Structures are given as C-alpha cells and as structure tokens.
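Novice: coordinates only, sequence not included:
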C-alpha cells in the first residue's frame, strides 16, 4: 500500500518542513501520528497544536531567524515545539537532554542563542537551575522557557505567513564531541526533508505500520523519522526513557511493527528474546531498522533467526542523516554485510588519501555529495578540510562500493591500526569477535607502542555469566584464520563498554584513555 502523499507532487528545493506538516494534515487529519503511554495525537491535531504553540512563542518574542536552543526529552510536546519553531522560521538548535553545563553552555555561546527551552527538573537533574547559571555567564541576554507538559499557547490568526523557502539554515545540530569540542552542523529544511524522504523510500512503511522513536528526539534521527511519518502517514510510539525490559509493555500495547535505533538496540531485543526463545518477544514486529554504529554480520543473522523479523541497517551521521540504507528486498548477503545503497540524489565517491577516485571494490575514504548533506559547520573556520574542491563532504570513514552499488564500511581513518607499517582494520577483528558465543560486544583500538608503533587491543563486553580469558580470545581469532600480525597483543574485559547517550555508540576515545 502506498501513502497518498507519496504520489503527490514531490517536494522541490524550496519545500519546507511546515509545508509537509500541512499537506499531511489535509490528507489524513484523523489518522494517529504520535502515541505516548495513554496519549495520542492525530496529524490534524499535530498541525493545530503546533500552530497554537507557534503563536504563543510569537507573543513571547520568537521571530523568523530567532535562535532557539532546546534541550527536551522525547515527548509529544517536544515534537510540537520543534514544529512550532519550524512554523515561525526560527533557527532551532536541539541538544541531547543528558548533556550538562559544559555542552549546553558551548551550544548557547557558539549559536548566539536568544532563547533556551528546558524541561525544568528531569530525571533528578534541575535543568532550570542550570539554565539560570548559564544565562549569567553569557555576554548577551537569554530568555529561559520551560516546556515539558505545557507549551505556550496563542491565536494562530496573529501569526505572519510561514517561511517560504527550504534552503535557509534553520537547524543547528551538534556533533557528539567524542574526540574534541562539539561542532555545530548547519542544516536546512530541505536537507532534513531529503534525509527523511530517502529513509521512507528505503524502508517502505505503510499507513498500517506502527513505528517507534526510542532514541532522543533531539538527535538528528528525530526529524529524519518524523519526515518519514509525515510522508507515509503512519504513527510512532515515543519513549521518554528507554530501557529493556520495561519498554516492551509499550511496544506490545501499541502493536509496534517497525522498531530499532542502532546496533545496541538490536542487541537489547535479542537479549530479551533469549530469555524465552519459544515466545516471540514482540509478536507484531516485522522490521528492525537503524544505523549510527557498525553492524556485525552475525548480529543480522541472529536477529532474523531468533526474532523472526527482517533487519535493515543504514549509514548516516549528523552531517548527513541518510546516506545509505538497506531495503527489505535486498538479498540476505547484502543486508548482513553492507550498509545498503545510496538513494537517488546521493553521490558517493571512494578516494585515496590524495582525493583521487580508486577502482571499484577498493577501500578508500568515503566522500559524499547530495541533497541531504549539511551546509557545513557553524563558524567559517570550522569548515576547513570539510569539503573537497568538487563539493564532496569528507567523512573520515573507510569503505568500498560493491558491483551492485551497495556500500561496505570497513572502518574509520582513525580506526586503522598501523602496526609495524601494516594497516589493520579494527572492524575486521570486531566482526570476528562478535561471532564468539561469549561476546556481547567488542571494540578494537590501536594503542601507542614503542616497538610496534601501535599495538592491537581488543576490549570485550561478555554475555551474562559468560567467561572468556584473554588467551582464549586470541586463540579463537587465530582459529578463524586471521593473519598473525592482526592478533591482539592486549585483551581487556569490561563490565560495559562506554557509550554515548544518544544511539549508545561505543566511545573508543575513552577506551584509549583507560588502556593506553
């Protein structure tokens, strides 16, 4: 089944986020859009309430071009606030709600924010007090607003017309800052619409599906997913706090058919399924989908085999929310071993260190050009080395394209371990370790070594009650046929790998600090 909107005229380069909201509200005003616990909002109500919130913000002084930083959990009100700002044409800068003074203060200073929206006290932390502290340290005035279960409310008749173009920078997202200070990534309505459109095309959801947003809506994946809902006209369940097994009740209550988030989410579903292999952990689930972190091939096979659903994994980043995505009609081999194909309008170039294209099937740096690519970074100096002379974004990721056009990622430039002059892919070793039954997760890093230049260090997170000695891990890798120079000289076992709060990516820089 195809959504009526999918056959409507496509969004052109001047399309805006608010135009998409209005079009969906006209087409299916009474269909559910957002579900959270015992609350629901239809597409018609989504438009109406967002416009009333926009009018309330307008009365408080928010205008087109006003810079608004918001740090809110994943709630219906958060989506409404973001859409209200899109209706006004404000420049909005979402911040993950787990961040504290350092990161939020950085975002406020760099963006020259005029407004900060916080939830008050949330999960034991007083965001309002933090906001007041930060406001006193800023050179200019900052208006602090609270928005959790209530939003400003006003008369939409007093609003000026919505923005007419989708190519102005109206979104500032922040890179994770896992290796340095965060950078503000500049997006337009059009680049976010392009990312969400590609996601919808790859996953092919229908109006009968029920999706889920179990990650922070302040992540770049938030608008990506919302665009897909608006294009295809199906609802999503929002999770303010996501933890297994507690979240399963909400998945079952709403009959979620499409779930996911990142590799760590797939593993959590598998863990729950393994507690009672005979009973489907989520009977309505037909598709797990996500991205944001590498996916070991064995994890794909385990999901299909044990959860009884399909798994499609993709490749994206804050700078480009949708680069490639697996599709349900891909072969199992492609779904297991690749990141999917790029959509129409996304050009991928694989280059050598000098920027010259390499032959098909040869590893090189992944470079990108297309509608979903950001406009650069906040501050002209931050763009140095970001784009090549042909306008391609330098990702720092390594990979190659297959004859069928699927992308295979083989690591990060910084994840290539150079041991005695030989290049070693961390991902190759990680994929092998994931196949060991005792290993829940693995991260391989290079550590400084006076004799070798770098030595290979494998850090393991084991399954509950499992045991694996370092020597056993090395013997296992040797038994797979892994070349001797790639075998880890150091193996560490930790209770839990350090992860970020958004998509639970492993923070390798912390591992280097711990074991270097």
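Specialist: That came through fine. Nothing here was measured: the structure is a model prediction, and the numbers come from that model.

Novice: who does the helix-or-strand element of the chain with minimal mean pLDDT touch, helix- and strand-wise?
Specialist: Of all helical and strand segments in the chain, the minimum by mean pLDDT, DSSP states H and E falls on strand 422-425, at a mean of 77. Here strand 422-425 touches strand 416-419, going by 3 or more C-beta pairs under 8 Å, 6 or more residues apart in numbering; DSSP states H and E. For every residue, glycine as well, the C-beta is placed using N, CA and C.

Novice: Which other helices and strands does the strand it packs on contact?
Specialist: strand 422-425, strand 439-449, strand 453-462.

Novice: residues making contact with the first one?
Specialist: The reference is to strand 422-425. 398, 410-411, 415-418, 446, 456, 485-486 (C-beta atoms under 8 Å, 6 or more residues apart in numbering).

Novice: can you pull the buried residues of the helix ranked longest in the chain?
Specialist: Of all segments of type helix in the chain, defined using DSSP state H, the longest is helix 43-59. Under the neighbour-count criterion of 16 or more other C-beta atoms under 10 Å, helix 43-59 has 43-47, 49-58 buried.

Novice: remind me which residues of the stretch 351-500 of the chain are low pLDDT?
Specialist: The model of the stretch 351-500 of the chain has pLDDT under 70 over residues 380-384, 421.

Novice: Show me where it has its helices.
Specialist: Here the stretch 351-500 of the chain has its helices, by DSSP state H, counting those that start in this stretch, at 426-434, 470-479.

Novice: what is the orientation angle of the shortest one with strand 453-462?
Specialist: Just to be clear, that refers to helix 426-434. 30 degrees (axes from the mean of the first three to the mean of the last three C-alpha atoms, to 10 degrees).

Novice: still on that earlier bit, of all the helices and strands packed on strand 416-419, which one is nearest residue 22?
Specialist: Closest approach to residue 22 among the helices and strands packed on strand 416-419 is made by strand 439-449 (43.6 Å; C-beta to C-beta).

Novice: Partner strands of the closest one, with direction?
Specialist: strand 453-462 (antiparallel) (DSSP bridges).

Novice: Tell me, how many residues neighbour residue 437?
Specialist: 7 (other C-beta atoms under 10 Å).

Novice: Pull the contacting residues for it.
Specialist: 463, 466.

Novice: Give me the neighbour count for residue 283.
Specialist: Residues contacting residue 283 under the criterion other C-beta under 10 Å number 10.

Novice: Which strand or helix spans it?
Specialist: Following DSSP states H and E, there is no helix or strand that holds residue 283.

Novice: Tell me how far the closest residue to it other than its chain neighbours lies from residue 279.
Specialist: If the residues on either side of it in the chain are set aside, residue 283 comes closest to residue 252, at 7.7 Å by C-beta to C-beta, 6 or more residues apart in numbering. Distance, residue 252 to residue 279, using C-beta to C-beta, to the nearest Å: 12 Å.

Novice: more crowded one of those two?
Specialist: residue 252 (14 against 8).

Novice: my read is that one is in a helix, agree?
Specialist: Yes: under DSSP: H, G, I helix; E, B strand; the rest coil, residue 252 falls within a helix.

Novice: Just the pLDDT at it, thanks.
Specialist: With respect to pLDDT, residue 252 scores 97.

Novice: Likewise for residue 13?
Specialist: Confidence for residue 13, expressed as pLDDT, is 37.

Novice: So for residue 192, which of the helices of the stretch 351-500 of the chain sits nearest?
Specialist: Relative to residue 192, the nearest member of the helices of the stretch 351-500 of the chain by C-beta to C-beta is helix 426-434, separated by 28.8 Å.

Novice: Now do that closest one against helix 470-479, angle only.
Specialist: Here helix 426-434 runs at 110 degrees with respect to helix 470-479, directions being taken by the same axes, to 10 degrees.

Novice: Distance from helix 426-434 to the middle of the chain?
Specialist: The chain centre lies 22 Å from the centre of helix 426-434; the measure is C-alpha atoms, centre = their mean, to the nearest Å.

Novice: for that helix, which positions count as buried?
Specialist: 426-427, 429-434.

Novice: where's stretch 242-258 relative to the chain centroid, distance-wise?
Specialist: Going by C-alpha atoms, centre = their mean, where stretch 242-258 is centred and where its chain is centred differ by 20 Å.

Novice: Can you point out the buried residues in that stretch?
Specialist: 242, 247, 250-251, 254, 256-258.

Novice: Straight-line length of it, end to end?
Specialist: Length of stretch 242-258, first residue to last, C-alpha to C-alpha, to the nearest Å: 16 Å.

Novice: Give me the contacts around that stretch.
Specialist: 35, 37, 203, 205, 208-212, 214-215, 235, 237, 239, 259, 261, 268-269, 271-272, 281-289.

Novice: What is the neighbour count of residue 375?
Specialist: One way to gauge burial is a neighbour count; for residue 375, by other C-beta under 10 Å, it gives 17.

Novice: do residue 141 as well
Specialist: 8.

Novice: ok, now which ones touch the nearest residue to it once chain neighbours are set aside?
Specialist: Distances taken as C-beta to C-beta, 6+ apart put residue 114 closest to residue 141, at 7.4 Å, once the chain neighbours are dropped. Contact analysis of residue 114 by C-beta under 8 Å, 6+ apart lists 66-68, 140-143.

Novice: Domain ranges for this structure, per the record?
Specialist: Recorded structural domains for the chain (assignment: automatic domain parsing) are 13-189, 243-413, 420-515.

Novice: Out of those, the one nearest residue 198 is which?
Specialist: Closest to residue 198 of these is domain 243-413 (C-beta to C-beta; 3.8 Å).

Novice: quick one: residue 297 and residue 259, what's the gap?
Specialist: 20 Å.

Novice: got CSV for the buried residues of helix 426-434, with distance to residue 95 too?
Specialist: As requested, the buried residues of helix 426-434 are exported to CSV (distance: C-beta to C-beta, whole Å):
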residue, distance to residue 95
426, 30
427, 30
429, 35
430, 30
431, 34
432, 37
433, 34
434, 32
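
Novice: nearest to residue 231, of those residues?
Specialist: Top of the list for closeness to residue 231, among those and by C-beta to C-beta, is residue 427 at 32.8 Å.

Novice: Name all residues that make contact with the closest one.
Specialist: Residue 427 is in contact with 294, 409-411, 415, 444, counting by C-beta under 8 Å, 6+ apart.

Novice: of those residues, buried ones?
Specialist: The neighbour count (16+ other C-beta under 10 Å) marks 294, 409-411, 415, 444 as buried among the contacts of residue 427.

Novice: Can you give me the pLDDT of residue 10?
Specialist: For residue 10, the predicted pLDDT is 40.

Novice: And residue 1, by the same measure?
Specialist: The model reports residue 1 with a pLDDT of 29.

Novice: so how far is residue 288 from residue 212?
Specialist: Distance from residue 212 to residue 288, counting by C-beta to C-beta: 10 Å.
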